[in-house]
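>>> I need the structure of the sequence given here:
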Amino acid sequence: MATFPLLDRIPAQTVGAAQLQRLQAFATAHNTLIVLHPQTGSPLVYQPALSGFLDTYFPASFAQAGLARLRQEFGNDLTSEEGLQPVEWLRLSQHGAPVSPPSDANLNTTGLGPAPEPGQVETWFHGNYASLLQVGSELSRAQLSGLINQMSEQPATEAAITPESTTAGFWNCLVRHLGLWGAVAVFSALGAAIIILTGTGGITLPLIIWLVASFGGGTAGIIINCAINNSW
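Sure thing, here's the model as predicted:
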């Protein structure tokens, strides 16, 4: 299954070679997460794939707490039924998901060729996503780490989770704006953040690259705004 077209055009120097390789594997893993309901054709989160995804890319405390919260709030949108049709991440917009990343054709027509230099990538983002870069620059390493820690500190069982006890305002903000897809966006954004934070360079451009590559500019803006201001 394919990874994300934009991510495939990013030079290793832009985000770090190890980080880019890990992000590409993380992107490919997104293709296993969603299946279609056999009767209605509506998208469902495939719980066995999600559990493996969380165990692979997240600390154990985050994986346990995130899955527990997802079960509590979106239990009817989860399935463990085998044999259901998987949906490639890039095709989710056909099923109502707010996932519209730039395609290869779009990248070509807007000036980001198949093998750009690192400086060309930054120039392209400033030309096409300047406002996202500006807002994203307000998010520091400490704040990003704080979001990950908040999610990791959630109660690990459904019975212990209440609206009053939750500290994950990022989750609440995204769910308020995007419903189930907001919960999925938490895992996608913070999983990428964990990878990006292992590098020593800046975080703004790599994070915006990931969000645009995986969700597109509109949803990326919601994710960034919720990360900075949970009451947005």
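>>> how near is the residue sitting furthest away from the middle of the chain to residue 81?
In the chain, the residue that sits farthest from the middle, by CA atoms, centre = their mean, is residue 39; the gap is 27.9 Å. Remark: distance between residue 39 and residue 81 (CB to CB, to the nearest Å) = 11 Å. C-beta here means a position set from N, CA and C on the backbone, and glycine is covered the same way.
>>> over to residue 150?
Separation of residue 150 from residue 81 (CB to CB) stands at 32 Å.
>>> please say which of those two ends up with more neighbours.
Set residue 150 next to residue 81 and count neighbours by other CB atoms under 10 Å: residue 150 wins out with 19 against 12.
>>> is it fair to say the more buried one lies in a strand?
No: membership of residue 150 in a strand is not supported by DSSP: H, G, I helix; E, B strand; the rest coil, which gives helix.
>>> that one reaches residue 172, doesn't it?
No: under the criterion of CB atoms under 8 Å, residue 150 is not in contact with residue 172, lying 10.7 Å apart.
>>> could you pull up the residues touching the residue minimising distance to the centre of the chain?
Per CA atoms, centre = their mean, the C-alpha nearest to the average position across the chain is that of residue 188, at 2.3 Å. Residues near residue 188 by CB atoms under 8 Å, 6 or more residues apart in numbering: 30, 214-215.
>>> once you drop chain neighbours, what's closest to residue 124?
Excluding the flanking residues, the one nearest residue 124 by CB to CB, 6 or more residues apart in numbering is residue 112, at 4.6 Å.
>>> show the subsequent helix or strand relative to the least confident helix or strand in the chain by mean pLDDT.
When the helices and strands of the chain are compared on mean pLDDT, DSSP states H and E, helix 141-152 comes out lowest with a mean of 90. Remark: after helix 141-152, the chain's next helix or strand is helix 169-178, criterion DSSP states H and E.
>>> now for that next one, which elements pack on it?
If contacts are counted by 3 or more CB pairs under 8 Å, 6 or more residues apart in numbering; DSSP states H and E, helix 169-178 sits against helix 141-152, helix 180-196, helix 217-228.
>>> report the mean per-residue pLDDT for it.
Across helix 169-178, pLDDT averages out at 94.
>>> doesn't the residue farthest from the centre of the chain lie inside a helix?
No: under three-state DSSP, residue 39 falls outside any helix and is assigned coil.
>>> pLDDT value on it, please?
pLDDT, read off for residue 39, is 91.
>>> with residue 232 instead?
According to the model, residue 232 scores 84 on pLDDT.
>>> skip the chain neighbours and tell me the closest residue to it.
Spatially, and ignoring its direct neighbours in sequence, residue 232 is nearest to residue 225 (4.6 Å; CB to CB, 6+ apart).
>>> and for residue 51?
Of all residues not flanking residue 51 in the chain, residue 67 sits nearest, at 6.5 Å (CB to CB, 6+ apart).
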